[in-house]
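K.L.:
I would like the atomic coordinates for the input below:
(2 chains)
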Amino acid sequence: MARTLLLKNINEPGIQSLEGYQRNNGYASLRKAMKMKPEEIVEEVKKSGLRGRGGAGFPTGMKWSFLAKPEGVPRYLVCNADESEPGTFKDRYLMERIPHLLVEGMIISSFALGARTSYIYIRGEMMYVYHILEKAIDEAYKAGFLGENILGSGFSHDIYVHPGGGAYICGEETGLIESLEGKRGNPRIKPPFPAVKGVWDCPTVVNNVETIAAVVPVMEMGGEEYAKIGIGKSTGTKLISACGHINKPGVYEIELGLPVEEFIYSENYCGGILNGKKMKAVVAGGSSVPILPAELILKTANGEPRLMSYESLADGGFVSGTMLGSGGFIVMDENTSIIKNLWNFTRFYHHESCGQCSPCREGTGWMEKILHKILHGQGSMSDIDLLMDIQGKIEGKTICPLGDAAAWPVASAIRHFRSEFEQEIKNQTVKIRSTAAQAV
Amino acid sequence: MALIQRIMKRYPDGKHKSAILPVLHLAQAEFDGWLSVPVMDYVASILRIQPIEVYEVASFYSMFNLTPVGKCVIEVCRTGPCWLMGAEDIVRYLEKKLNIRAGETTKDGMFTLKTVECLASCGTAPMMQVGEKYHENLSPDKVDKILDDYRANTDGHISHWTKDKIGKN
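P.N.:
All right, here's what the predicted structure looks like:
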């Protein structure tokens, strides 16, 4: 197996507890960090090339360096643990199995950012994980890793866990901030960015669970060493949530740059397609990223082997590429209906649209209706172009990226599987009997 | 009430409105699994905010029930990856078994069946949640056992959050 950093001790007995975590070198990075200056930690994170693991892939060190530092105004670190992107379950796994890794990362990151208080915004449905985190935080207080004057450094810090209420949109950082303030999770217009005006109008950094956890190995090995892992600007390791029609679904830590083919077919990872079937398509980075047919996920349009990295997955742009996104890797076998899968995703985005922006609020519902119509044998060929037209009028025309996330799956499904749509519509008289009873 | 005061202290002075989601979770757990208008008004009075501020939040988030529910609320994930692995069959099986449609409550007030969006359990699909518990890798047989277990062992409403488990800070 390849090198692992985040999950290397995941199977050690008692790793969920402080005692087990410390037995495996836990909190050594914190001890090291407390002897450094905050700006030196930011520098190490910059050198590491670590990029946001929630989906956007923005360089973490750069995001940190944008944080405004006006005198007398508190700064906050908020951990985005609102993992809701369909196909993604890595953060839940990490928090459940090795909660102290996140807690340690939170303390180091807060020290680097000069945040006296930080919050872990966890989706409310994961209430059992909420309790695991609170237990880990209680243990960390008792051991002197939290509270006043941590390890004699003069730095004091408190972490609170905050439960969400069930809303995908709160995974968007400004929606999350609104929600943390006790409001509906309606995303804000940027600028101002959270780094200047975030929670309670104070400078705020919002980072994903995995990003914050990755700060621990970055501190342990140093930024330069971390940057040697991976490929090009895709440095380090990434947690991939593998699901769908594969033999071995689960969370895998990969070195960025692993060939996609190896990831899907190797026994070390997905172990091939379920029931020996052929692969039809893959959504590589959570439901929001463009779907790719089997041949394009394995090889780029130029015939190069596709790699699990930010750059390689994006090779070909949206014409023939996709995105690494959150690492939610959804595999579909040859019997999967691309249209029905798309209808399911579109219904999801319609349900989760906060309703602020008309293109998203109305467009997602309209696309859902058209797809429903096609699945019920009432589609017409012009509906395909209409779907393309609607998605084009959502993309880039909304306050937050939920609009794009709803548009891209539609555009890519039609781009790569147009003939399936045409066939479905042609066969409508046959389909009307069988699917009308099924699709609700 | 001491617990609510403690939760409110997690946020800066004057920013106690932030406690609304945790407090609504607690209220839902205390008051039979749903939020009536009087309960929401009560939450508003505790947080010293206007009732409308509570209504608009409670109606935005899918975890809050604004109509009465059964003792056990079964929330079946219906999103993409669970759908690929047979979530529709699980919903249909539950509907048949409980003799209700999704969104309804059984006549004896025992079960409410809801379909929900992705619960970050895609690698163990299909799945459903009851209270804080995730039931994963579902099959009809497994669903039977789970239902029997809840029928035999449920005392009062099962909620997502229980107050005795909340941390000390």
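K.L.:
check contacts around residue A:15.
P.N.:
Residues in contact with residue A:15, defined by Cβ atoms under 8 Å, 6 or more residues apart in numbering or on different chains, are A:9, A:21, A:24, A:97-98. C-beta here means a position set from N, CA and C on the backbone, and glycine is covered the same way.
K.L.:
Can I get the residues you listed in a markdown table including secondary structure, pLDDT and neighbour count?
P.N.:
Supplementary listing: the contacts of residue A:15 in a markdown table, determined by DSSP: H, G, I helix; E, B strand; the rest coil; pLDDT from 0 to 100; neighbours: other Cβ atoms under 10 Å in any protein chain shown:
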| residue | secondary structure | pLDDT | neighbour count |
| --- | --- | --- | --- |
| A:9 | coil | 96 | 17 |
| A:21 | helix | 98 | 24 |
| A:24 | coil | 97 | 16 |
| A:97 | helix | 97 | 17 |
| A:98 | coil | 98 | 26 |
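K.L.:
Can I get the residues you listed in CSV including distance to residue B:66?
P.N.:
Putting the contacts of residue A:15 into CSV (distance: Cβ to Cβ, whole Å) gives the following:
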residue, distance to residue B:66
A:9, 44
A:21, 41
A:24, 46
A:97, 35
A:98, 37
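K.L.:
Nearest to chain B among those?
P.N.:
Within the set of these, residue A:97 lies nearest chain B; the separation is 13.2 Å, counting by Cβ to the nearest Cβ.
K.L.:
any idea how far that closest one is from residue A:316?
P.N.:
Note on residue A:97: its distance to residue A:316, by Cβ to Cβ, to the nearest Å, is 36 Å.
K.L.:
Mind pulling the model confidence for residue B:164?
P.N.:
Residue B:164 carries a pLDDT value of 71.
K.L.:
Where do the helices of chain B begin and end?
P.N.:
B:2-8, B:20-30, B:37-47, B:51-58, B:80-84, B:87-98, B:140-153 (DSSP state H).
K.L.:
Out of those, the one nearest residue A:261 is which?
P.N.:
Evaluated over these, closeness to residue A:261 peaks at helix B:80-84, with 20.9 Å, by Cβ to Cβ.
K.L.:
do that closest one and chain A meet at all?
P.N.:
Yes - residues of helix B:80-84 are located near chain A by Cβ under 8 Å from any Cβ of the partner chain, namely B:80-81, B:83-84.
K.L.:
Give me the packing partners of that helix, helices and strands only.
P.N.:
Contacting helix B:80-84 under the criterion 3 or more Cβ pairs under 8 Å, 6 or more residues apart in numbering or on different chains; DSSP states H and E are the following elements: strand A:237-244, strand A:328-333, helix A:338-352.
K.L.:
Next, format those as CSV and append distance to chain B and mean neighbour count.
P.N.:
Formatted as CSV, the helices and strands packed on helix B:80-84 follow (distance: least, Cβ to the nearest Cβ, whole Å; neighbours: other Cβ atoms under 10 Å in any protein chain shown):
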stretch, distance to chain B, mean neighbour count
strand A:237-244, 4, 27
strand A:328-333, 5, 28
helix A:338-352, 5, 24
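K.L.:
and these as CSV, adding mean pLDDT and distance to residue A:283?
P.N.:
Putting the helices and strands packed on helix B:80-84 into CSV (pLDDT from 0 to 100; distance: least, Cβ to Cβ, whole Å) gives the following:
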stretch, mean pLDDT, distance to residue A:283
strand A:237-244, 98, 8
strand A:328-333, 98, 4
helix A:338-352, 97, 8
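K.L.:
For residue A:228, find the nearest of these.
P.N.:
Proximity to residue A:228, assessed across the helices and strands packed on helix B:80-84 by Cβ to Cβ, is greatest for strand A:237-244 (11.9 Å).
K.L.:
Quick check: which helices or strands does the helix or strand following that closest one pack against?
P.N.:
If you walk from strand A:237-244 toward the C-terminus, the next helix or strand you reach (DSSP states H and E) is strand A:250-255. In terms of contacts (3+ Cβ pairs under 8 Å, 6+ apart), strand A:250-255 is packed against helix A:90-97, strand A:237-244.
K.L.:
Please state the offset of the last one from the chain centre?
P.N.:
Strand A:237-244 sits 10 Å away from the centroid of its parent chain (Cα atoms, centre = their mean, to the nearest Å).
K.L.:
Need the contacts of residue A:15 in TSV (columns: distance to chain B).
P.N.:
What follows is the contacts of residue A:15, written out as TSV (distance: Cβ to the nearest Cβ, whole Å):
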residue	distance to chain B
A:9	20
A:21	18
A:24	24
A:97	13
A:98	16
